[in-house]
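A.B. asks: A structural model of the following input is requested.
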Amino acid sequence: MSGFAIFNIDIKRPKEYKEYVEKVKPIAERYGGEYIVRGGESTIVEGSWAYPRTVVIKFPSYEKALEWYNSEEYKPIKQIRLDNSVANGIIIKGA
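C.D. replies: Residues are numbered from 1 along each chain as shown. Predicted coordinates for the structure are as follows:
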């Protein structure tokens, strides 16, 4: 069963955030991650969606998604995101 990392993000410092965008993809790919959604136009159809940017990364399994998120190689890259944005994130099992 696949695992998905889903983030809803508000970028506070776009210039500094670019470093995160450049560095995160190769690390996610090493864990089998494939970007399904990385920003883009959207329409809220129900409820509320806190931030304007949504990212969805599909991993081969829920465990691989957690392994990526908690990995030592992602840790310093994650800090770049945390320092330059606010977000809601979830890792979830999916089909």
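A.B. asks: To what extent is residue 64 buried, counted in neighbours?
C.D. replies: Residue 64 is flanked by 19 other residues according to other Cβ atoms under 10 Å. No exception for glycine: its C-beta is placed from N, CA and C like everyone else's.
A.B. asks: Now residue 14. Its backbone dihedrals?
C.D. replies: phi -60, psi -40 (degrees, to the nearest 10).
A.B. asks: same check, this time on the one 10 residues further on
C.D. replies: Torsion angles at residue 24 (phi, psi; degrees, to the nearest 10) stand at phi -80, psi -40.
A.B. asks: again, but for residue 90
C.D. replies: Backbone geometry at residue 90, expressed as degrees, to the nearest 10, gives phi -150, psi 140.
A.B. asks: Wait, it touches residue 6, no?
C.D. replies: Yes - counting by Cβ atoms under 8 Å, residue 90 does reach residue 6; the two are 5.2 Å apart.
A.B. asks: For residue 17, list the residues it contacts.
C.D. replies: By Cβ atoms under 8 Å, 6 or more residues apart in numbering, the contact set of residue 17 is 11, 80-81, 84-85.
A.B. asks: list the contacts for residue 73?
C.D. replies: With contacts defined as Cβ under 8 Å, 6+ apart, the neighbours of residue 73 are 27, 30.
A.B. asks: one step back: and the contacts of residue 17, which two are furthest apart?
C.D. replies: Spanning the widest gap among these are 11 and 80, at 11.4 Å by Cβ to Cβ.
A.B. asks: how about the helices of the chain, start to end?
C.D. replies: For the chain, the helices defined by DSSP state H cover 14-30, 62-69, 75-84.
A.B. asks: Would you mind finding the most buried of these?
C.D. replies: Per residue and on average, the most neighbours among the helices of the chain fall to helix 62-69, with a mean of 19 (mean count of other Cβ atoms under 10 Å).
A.B. asks: about what we covered before: out of the helices of the chain, which comes closest to residue 94?
C.D. replies: helix 62-69 (8.2 Å).
A.B. asks: hmm, who's touching the closest one?
C.D. replies: Around helix 62-69, the neighbours that count as contacts under Cβ under 8 Å, 6+ apart are 1-5, 27-28, 30-33, 57, 59, 74, 78, 91-93.
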